[in-house]
Every structure is written in C-alpha cells, then in structure tokens.
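Chemist: I'd like to go over a predicted model; first the sequence, then the structure.
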Amino acid sequence: MDQARAVGGLGLLLLLASCSTSRIENGAFQSSKGYHVGVPAAGWTIAPDGAADLQLERTAGPGAMLADASCEGVEPDRTLSVLARHLTFGLKDRQTVESDTWTVDGRPAAHRVIQGRRDGVDVTVEAVVLRGQRCIHDFLYVAPPGDFEAGRRDFRLFVESFAGDR
C-alpha cells in the first residue's frame, strides 16, 4: 500500500458516526453541530466523502486533516489525554514525539504528535482533542514523515480557528 492510500485511510483511524448538514461560508466550515473552523485558503481540497465532519487533503503532496465532533454518547469521565490517544488507534510501532496541552477557543486541549506505521507505511499523526459544552471535538493531521512539516502550520491555524459549542 502506498503512502497516499495510507494517508487517505485517515478516516479509519477514528470511529466516527457523523450525520450532519454543514456548509462552507466566507472561508469557514459551519457545522450543524454548533462550531466552525476556517478552511485553509490554498493547498487543501475538501474530501467529498470524508468520514468526519470536515476532511481536507493536501494538493501539493500526501497529507490530510480533519475536524469532527462527537455529540452523542460522549463519556464525560474520560480525560482529554485518553480521548487524544483514541484518535491514533490503529498505529503500530508508535513513538510519541510531542505530548502537551494547547488552549483552543479558551479551553484546554490535549495535543499529541505520534510517529508510527499504518498498513505498513510510516506516518506522523498530530492529534488535538477538546471538550465543548455538548461535544468532544477532534482534530487530526496525518502525513508521511518526509511531508509532515509542510502541512503542520496549516493544521495549527486550522485548529486555532475553532470557535463554538459554548
């Protein structure tokens, strides 16, 4: 399996059930779940049938990122750290590169960068998870190690643009 296909399987890393009506308006993704995020102006396209609320793919090389909210069946007792770990299930030979806390929309968010193998292909995954009033919000960026840094700034801006679910 090649890198593009492994990265394309990004949605399989998550067990998501998203049934929402959302739209892109003025450069921002407006989710029917009550949040919005900015869509990068260049270098990314919207994946038409992504498993998440919004899934983007890099146009200049392999890489994908997503935003998703789980609003039903959310287990309030689970820590952000545990929820962030769930975003990288399926990775083999895992190595944690970064593990810290960000502040997103005034809320604490667990942040992880993990290197590992997915379907026999080396990938680097950056995961951010935060708890809203009604939903758990997940952000994920995945790329082959050699291409990872090229999309990382866009991912950070994507996550920092989050607002809503108050």
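Modeler: Nice, thanks for sending it over.
Chemist: where in this protein is pLDDT low?
Modeler: 1-22, 74-76 (pLDDT under 70).
Chemist: Helix or strand for the residue nearest in space to the middle of the chain, just tell me which one.
Modeler: The residue lying closest to the centre of the chain (C-alpha atoms, centre = their mean) is residue 140, at 2.0 Å. Secondary structure from DSSP states H and E places residue 140 in strand 136-143.
Chemist: And residue 152, by the same measure?
Modeler: With DSSP H and E as criterion, residue 152 is part of helix 145-160.
Chemist: Go ahead and name everything in contact with that helix.
Modeler: For helix 145-160, contacts defined as C-beta atoms under 8 Å, 6 or more residues apart in numbering pick out 37-40, 43-44, 56, 58, 60-63, 65, 67, 102, 104, 109, 115, 122-124, 126, 128, 139, 141, 143. Every C-beta, even on glycine, is put in place using the N, C-alpha and C of the backbone.
Chemist: buried stuff in that helix?
Modeler: 147-148, 151-152, 154-156, 158-160 (16 or more other C-beta atoms under 10 Å).
Chemist: what about it, distance to the chain center?
Modeler: 11 Å (C-alpha atoms, centre = their mean, to the nearest Å).
Chemist: re the thing from before, hmm, residue 127 and the residue nearest to the centre of the chain touching each other?
Modeler: Yes. Judged on C-beta atoms under 8 Å, residue 140 makes contact with residue 127 at a distance of 5.4 Å.
Chemist: For these two, list the residues in contact with both.
Modeler: Contacts common to residue 140 and residue 127, judged by C-beta under 8 Å, 6+ apart, are residue 87.
Chemist: wouldn't residue 37 be in contact with residue 29 here?
Modeler: Yes. Between residue 37 and residue 29 there is a contact under C-beta under 8 Å: 5.2 Å.
Chemist: From residue 136, how far off is residue 73?
Modeler: Separation of residue 73 from residue 136 (C-beta to C-beta, to the nearest Å): 10 Å.
Chemist: between these two, who's got more neighbours?
Modeler: Ranked by neighbour count (other C-beta atoms under 10 Å), residue 73 and residue 136 place residue 136 first, with 21 against 7.
Chemist: Bridging across strands, which residues link to the more buried one?
Modeler: residue 70, residue 131 (DSSP bridges).
Chemist: My read is that it contacts residue 83, right?
Modeler: Yes. With contact defined as C-beta under 8 Å, residue 136 counts as touching residue 83 (6.1 Å).
Chemist: overlap in contacts of those two?
Modeler: In contact with both residue 136 and residue 83: residue 129, using C-beta under 8 Å, 6+ apart.
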